[in-house]
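Chemist: prediction below, plus the sequence it came from.
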Protein chains: 2
Amino acid sequence: MNLDFFRNRATVRVFSDREVPDSLVCEIIEAAAHAPNTGNMQLYSVVVTKSEEGRQKLAPLHFNQPAATGAPVLLTVCADIRRFGKWCDCRQAKTGLYNFGGWLSAITDAAIFAQQIVTAAEANGLGCCYLGTATYNIDGFSEALDLPEGVMPLVGIALGYPAEKEHLVSDRLPMPAIVHFEKFHDYTAEDIDAYYKEKESLAESEIFIAENGKRTLAQVFSEVRYPRDLNEAVGDAALRRMGVRK
Amino acid sequence: MNLDFFRNRATVRVFSDREVPDSLVCEIIEAAAHAPNTGNMQLYSVVVTKSEEGRQKLAPLHFNQPAATGAPVLLTVCADIRRFGKWCDCRQAKTGLYNFGGWLSAITDAAIFAQQIVTAAEANGLGCCYLGTATYNIDGFSEALDLPEGVMPLVGIALGYPAEKEHLVSDRLPMPAIVHFEKFHDYTAEDIDAYYKEKESLAESEIFIAENGKRTLAQVFSEVRYPRDLNEAVGDAALRRMGVRK
């Protein structure tokens, strides 16, 4: 598998009417479950939503974003320490995972599993869009999907056949922004200028700044798209769900 | 890319002497950075350790496990909210990510990025072993790699050419254990028996139980491999590193 497969992938937000057979969804998930995970405990699970009723129920929880409302299949990938705990209950053992260390393993396992689903789907002609909104309303998703204690929604995945063949590959930061050799090199102001130069000079970035009435792209991200209040609320809800905070 | 590629992958723990060129490591990381991430903020970074000195320093932090000591390349993939924060500092903006919600995005981004590195490496003939020990000694890795505030090691990856061509594909739980249709079905005792039947009947599981002087495989996992004390310590250190707990 050529590295260009990884370079040329793109998120798909508009899907065709073509049905995604249940058998294909299951095959992709089954193949993806061979991804590495913590001690082979597989601390994740996935809820598949295909019914009209189910998708309509999840749509507002995903803020009715078109990728969610237009996808024939919605997956909700969950960190799941419950199955392992139940296994212990049935086998004269006491789970040691009901604490943040256990959850950290489960969150990592679930994210790795989700990405393997996305890669397997993309390699088979499907398109995907991650829905980060799965953590924006943890209680809402838990209620809609009957998620019990020990199961936390981590990411949604909108899945379907792409409406169009060609997709715009997003910009990425240059390698020196991401890779550190031997030791972490801290980011200087000069580094930051160099790393973000291309992103900031994109036409879409300038439009983004103007539309939001801001002076810099960083202000759009930190004040409009990912503001502190939102992140604090998401974090508090997640910590409560994990029993780390009351 | 056939789904069998995903099904037949296996973790590699023994590496050959064949050198992994820097250019290949960089190409793999660069390709993997096209993985989806939160709002294209790319809340991750990776430290590449190839030097003899560097690998010797990390080995004990990875408990000298053979996969770590025998690999020509060690990657430490980190959740990184620092780069974005520095960008905000330089652009009249105030980051909203320094809270658990921000860290949850970063952990998810880092795990997805790590898995894309693993898949890209495996697709190019390399072998990988995740080193979960990266979170077992967060302070130690931070010191060894000069990780500043806002950067947390999440997973290590031992990388190299496999010593052998054939690798044993690990068992996985059957699909009904992982997939839920429309609603989460809670796990009953009968479900647990069915899900774990195959795993518990493996010859290696019986050896594992006997070697550890336990009665059930769940006891080996919960009392020996992933005991509560260990997970609590890992979780507390992570929460302190993220500033969520003092």
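Modeler: Cool, got the structure.
Chemist: paired strands for the helix or strand hosting A:C128, with orientation please.
Modeler: Remark: A:C128 resides in strand A:127-131, with elements defined by DSSP states H and E. Here strand A:127-131 has these sheet partners by DSSP bridges: strand A:151-160 (antiparallel).
Chemist: what about the partner strand, average pLDDT?
Modeler: For strand A:151-160, the mean pLDDT works out to 98.
Chemist: repeat that for stretch A:86-102.
Modeler: Stretch A:86-102 comes out at a mean pLDDT of 98.
Chemist: ok so, going back, after the strand holding A:C128, next one along is what?
Modeler: helix A:138-144.
Chemist: rewinding a little: what's in contact with the strand holding A:C128?
Modeler: With Cβ atoms under 8 Å, 6 or more residues apart in numbering or on different chains as the test, strand A:127-131 has contacts from A:11-13, A:15, A:62, A:65, A:67-68, A:71, A:74, A:114, A:117-118, A:121-122, A:155-162, A:167, B:36. The C-beta positions use only the backbone N, C-alpha and C, and glycine is treated the same way.
Chemist: so among those, which ones count as buried?
Modeler: Neighbour-count burial (16 or more other Cβ atoms under 10 Å in any protein chain shown) is assigned, among those, to A:11-13, A:15, A:62, A:65, A:67-68, A:71, A:74, A:114, A:117-118, A:121-122, A:155-160, A:162, A:167, B:36.
Chemist: tell me which of these fall in helices.
Modeler: In helices, judged by DSSP state H, the following of the buried ones among the contacts of strand A:127-131 are found: A:67-68, A:114, A:117-118, A:121-122.
Chemist: still on that earlier bit, C-alpha coordinates for the strand holding A:C128, PDB please?
Modeler: Provided in PDB are the C-alpha atoms of strand A:127-131 (Å, rounded to 0.1, in the frame of the first residue of the first chain):
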ATOM      1  CA  GLY A 127     -16.000   8.100   2.600                       C
ATOM      2  CA  CYS A 128     -15.900   9.100   6.300                       C
ATOM      3  CA  CYS A 129     -16.300  12.100   8.400                       C
ATOM      4  CA  TYR A 130     -15.400  12.100  12.100                       C
ATOM      5  CA  LEU A 131     -18.000  13.800  14.300                       C
END
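Chemist: identify the residue nearest the geometric centre of chain A.
Modeler: Taking Cα atoms, centre = their mean as the criterion, A:V155 is the residue nearest the geometric centre of chain A, at 3.8 Å.
Chemist: show me what that one is bridged to.
Modeler: A:V77.
Chemist: residues contacting it?
Modeler: Contact analysis of A:V155 by Cβ under 8 Å, 6+ apart lists A:76-77, A:110-111, A:114, A:130-132, A:134-135, B:108.
Chemist: run the last query once more with 7 Å
Modeler: A:77, A:111, A:114, A:130-132, A:134, B:108 (Cβ atoms under 7 Å, 6 or more residues apart in numbering or on different chains).
Chemist: please apply the same query to A:V20.
Modeler: Shown in contact with A:V20 (Cβ under 7 Å, 6+ apart): A:72-73, A:126, A:159-161.
Chemist: doesn't A:Q42 belong to a helix?
Modeler: No. Using DSSP: H, G, I helix; E, B strand; the rest coil, the secondary structure at A:Q42 is coil, not a helix.
Chemist: isn't it up against B:L173?
Modeler: Yes. Here A:Q42 reaches B:L173: they are 5.6 Å apart, a contact under Cβ atoms under 7 Å.
Chemist: so which residues of chain A form strands?
Modeler: Along chain A, counting by DSSP state E, strands occupy A:44-49, A:73-80, A:127-131, A:151-160, A:179-181.
Chemist: separation between the residue nearest to A:S105 when sequence neighbours are not counted and B:Y226?
Modeler: Spatial nearest neighbour of A:S105, chain neighbours left out: A:T38 (4.2 Å); criterion: Cβ to Cβ, 6 or more residues apart in numbering or on different chains. Remark: distance between A:T38 and B:Y226 (Cβ to Cβ, to the nearest Å) = 8 Å.
Chemist: again with A:A158
Modeler: 33 Å.
Chemist: which residues sit in contact with the spatially most distant residue from the centre of chain A?
Modeler: Distance from the C-alpha centroid of chain A, by Cα atoms, centre = their mean, peaks at A:Q92 (35.2 Å). Contacts for A:Q92 (Cβ under 7 Å, 6+ apart) come out as B:215-216, B:219.
Chemist: equivalent analysis for A:S222, please.
Modeler: Going by Cβ under 7 Å, 6+ apart, A:S222 touches B:88, B:93-96.
Chemist: doesn't A:T119 make contact with A:I157?
Modeler: No. The criterion here is Cβ under 7 Å, and A:I157 misses it with A:T119 at 11.4 Å.
Chemist: just the pLDDT for the closest residue to A:A111 other than its chain neighbours.
Modeler: Among residues not flanking A:A111 along the chain, B:A111 sits closest, at 3.5 Å (Cβ to Cβ, 6+ apart). Here, the pLDDT recorded for B:A111 equals 98.
Chemist: the one 3 residues further on too?
Modeler: pLDDT, B:A114: 98.
Chemist: stretch A:139-158 spans what distance, first to last residue?
Modeler: End-to-end distance for stretch A:139-158, by Cα to Cα, to the nearest Å: 20 Å.
Chemist: in that stretch, what counts as buried?
Modeler: Residues A:140-142, A:144-145, A:147, A:150-158 are the ones in stretch A:139-158 that count as buried (16+ other Cβ under 10 Å).
Chemist: cool, stretch A:239-246 as well?
Modeler: Going by neighbour count (16+ other Cβ under 10 Å), the buried part of stretch A:239-246 is A:239, A:241-242, A:244-245.
Chemist: and the nearest residue to A:E198 once chain neighbours are set aside, its phi and psi?
Modeler: The shortest distance from A:E198 to any non-neighbouring residue, by Cβ to Cβ, 6+ apart, is to A:D171 (6.4 Å). Here is the backbone geometry of A:D171 (degrees, to the nearest 10): phi -70, psi 150.
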